[in-house]
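1. Below is the sequence, then the predicted model.
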Amino acid sequence: MTTLNRAQQLKHSVQEFTRRDEVFSFLKPERHPLIDTRHNVLLYVEGVNKSFDGFKAINDLNLYIKEGELRCIIGPNGAGKTTMMDIITGKTKPDTGQVWLGSNINLLGMNESEIANAGVGRKFQKPTVIECLSVWQNLELAMSGVRSVWGTYTAKLSGEQKDKLESVLELIHLKNHAALHAGNLSHGQKQWLEIGMLLMQNPKLLLVDEPVAGMTHQEMDRTSELLNSLAGKHSVVVVEHDMDFVRSIASHVTVLHQGHVLAEGTMDQVQAHPEVKQVYLGE
Ligand SMILES: Nc1ncnc2c1ncn2[C@@H]1O[C@H](COP(=O)(O)OP(=O)(O)OP(=O)(O)O)[C@@H](O)[C@H]1O
Ligand SMILES: [Mg+2]
């Protein structure tokens, strides 16, 4: 690759990154406001409704996510799973209802970057890592913020920041690939890197939409391991269609249908639920 091409590519990547910054908003974890979880609930979604041109995509939706919980959301295409994430992250405003982080932070009164700053991280389906930067630099960028993007080759990290970066590298199974350009990673590895980038901001709540689409079985197993290891420290909400994967990660599953919760419980419980069998599992 010529120098010019590389410079152009970096410029393009930075522009891309800046756009993402609206969602990710790279601020340090200590800037997160204090979230009141005395009731052990991190996320409250209550009586939420959202229509698009008269079509009710979300219909009286109630969802409560506990601190440190790993929850799976399943449901047929068009059930409203992504719309629900759009509402939690401020991308879409509901017509009615309440969305609170802890019992003190009203997410409906905040825009996307304020919600991200409050400690809500979201991973989209398509990984959007910066391909011409190394794995390490991508993580560094996620920690230091877009303003220092041009300094990522020279900036000195504090010991604490370096420790954090190394622990995330280990968690996402990319320790041996730290110097590799992100563009050379496999699809699965890119997904893990993006999860790692979110972790650099220490989110309280992590929303992950269809993480294993396109992954190999081995990558799926590692993703399941990774998400399980995040539970406890973070609350994680995973939307996924792959039932084996859902079974491997979640103790608690919510089934969404026509924008409403149809069933909730263990995988065995929801799979045995007559209505779930009918509308989702095709029985
Ligand atoms: N911005 C929008 N404008 C109009 N309709 C929309 C919009 N966003 C979502 N919808 C509609 O709302 C419904 C729910 O869509 P959503 O993407 O939330 O479903 P989903 O459960 O994520 O489905 P999938 O499993 O296919 O990803 C669909 O009928 C969709 O067409
Ligand atoms: Mg979706």
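-> Now that the structure is in, tell me what you want to look at. Ligands and ions are numbered 1, 2, ... in the order given.

2. For the stretch 151-283 of the chain, which segments count as strands?
-> 205-209, 235-239, 252-257, 260-265 (DSSP state E, counting those that start in this stretch).

3. Just say which of those strands is most tucked in.
-> Using mean count of other C-beta atoms under 10 Å, the stretch among the strands of the stretch 151-283 of the chain with the largest mean neighbour count is strand 235-239, at a mean of 25. Where C-beta positions appear, they are placed from N, C-alpha and C, glycine not excepted.

4. So what are the sheet partners of it and their directions?
-> Strand 235-239 pairs in its sheet with strand 70-74 (parallel), strand 205-209 (parallel), by DSSP bridges.

5. Can you tell me what sits against the last one?
-> Outside of strand 205-209, the residues that reach it under the criterion C-beta atoms under 8 Å, 6 or more residues apart in numbering are 42-43, 65, 81-82, 85, 88-89, 101, 119-125, 195, 198-199, 227, 230, 234-239.

6. With stretch 101-111 instead?
-> By C-beta under 8 Å, 6+ apart, the list of residues contacting stretch 101-111 reads 33-39, 41-44, 88, 90, 93-94, 98-100, 115, 118-120, 204-205.

7. repeat that for 10 Å
-> 22, 25, 32-39, 41-45, 48, 65, 67, 87-91, 93-94, 97-100, 114-120, 204-205, 235 (C-beta atoms under 10 Å, 6 or more residues apart in numbering).

8. Of the residues you listed, which qualify as buried by neighbour count?
-> 25, 32, 35, 37, 41-45, 48, 65, 67, 87-91, 94, 97, 99-100, 115-120, 204-205, 235 (16 or more other C-beta atoms under 10 Å).

9. can you tell me which of those residues are in strands?
-> 41-45, 48, 65, 97, 99-100, 120, 205, 235 (DSSP state E).

10. Surely residue 231 and residue 224 touch.
-> No: here residue 231 does not reach residue 224: they are 11.3 Å apart, not a contact under C-beta atoms under 10 Å.

11. Overlap in contacts, the two.
-> What both residue 231 and residue 224 touch, as defined by C-beta under 10 Å, 6+ apart, is the set 249, 250.

12. Same drill for the two, tell me which one is more crowded.
-> In this view residue 231 and residue 224 are compared by other C-beta atoms under 10 Å, and residue 224 has more residues nearby, 20 against 17.

13. any idea how far the nearest residue to that one once chain neighbours are set aside lies from ligand 1?
-> Closest residue to residue 224 apart from its sequence neighbours, by C-beta to C-beta, 6 or more residues apart in numbering: residue 248 at 4.4 Å. Distance, residue 248 to ligand 1, by C-beta to the nearest ligand atom, to the nearest Å: 19 Å.

14. residues contacting residue 248?
-> Taking C-beta under 10 Å, 6+ apart, we find residue 248 in contact with 72, 212, 220, 221, 223, 224, 225, 227, 228, 242, 267.
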